[in-house]
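In: show me how the following folds:
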Amino acid sequence: MELKLVTTDNKIKSMEMDKFLEKIEKDSFYYFDRETSYKTIQDLIDELEKKDYSIYFREVKYGLEEDAYMYEIHIL
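Out: As a prediction, this is how the structure comes out:
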């Protein structure tokens, strides 16, 4: 499954879930573009929880438009 991460310079970087799981770090934040489906995010959270990570997940709204949001995952 493909994830679309939002980088610190507001660019979108596509990455396969397997590669992302290899690169994650504990106590870090990751932001995903709204084009990443909610089901894909839930699958990612399930995989991280299987690896004994604690996850905080939320939808971040950054504007008044309906499509002005992204997903945030905090890995603990």
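In: could you look up the SS state of L44?
Out: Following DSSP: H, G, I helix; E, B strand; the rest coil, the label given to L44 is helix.
In: my guess is it meets I75, correct?
Out: No - at 10.4 Å, L44 and I75 do not qualify as touching, with contact defined as CB atoms under 8 Å. No exception for glycine: its C-beta is placed from N, CA and C like everyone else's.
In: between those two, who's got more neighbours?
Out: Per other CB atoms under 10 Å, whichever of L44 and I75 has more neighbours is L44, with 23 against 18.
In: give the contact list for the more buried one.
Out: By CB atoms under 8 Å, 6 or more residues apart in numbering, the residues touching L44 are 1, 3, 17, 20, 73.
In: so which of the residues you listed is the closest to G63?
Out: Comparing the contacts of L44 against G63 with CB to CB places I73 closest, at 20.4 Å.
In: sec struct for the closest one, please.
Out: At I73 the chain is in strand, as set by three-state DSSP.
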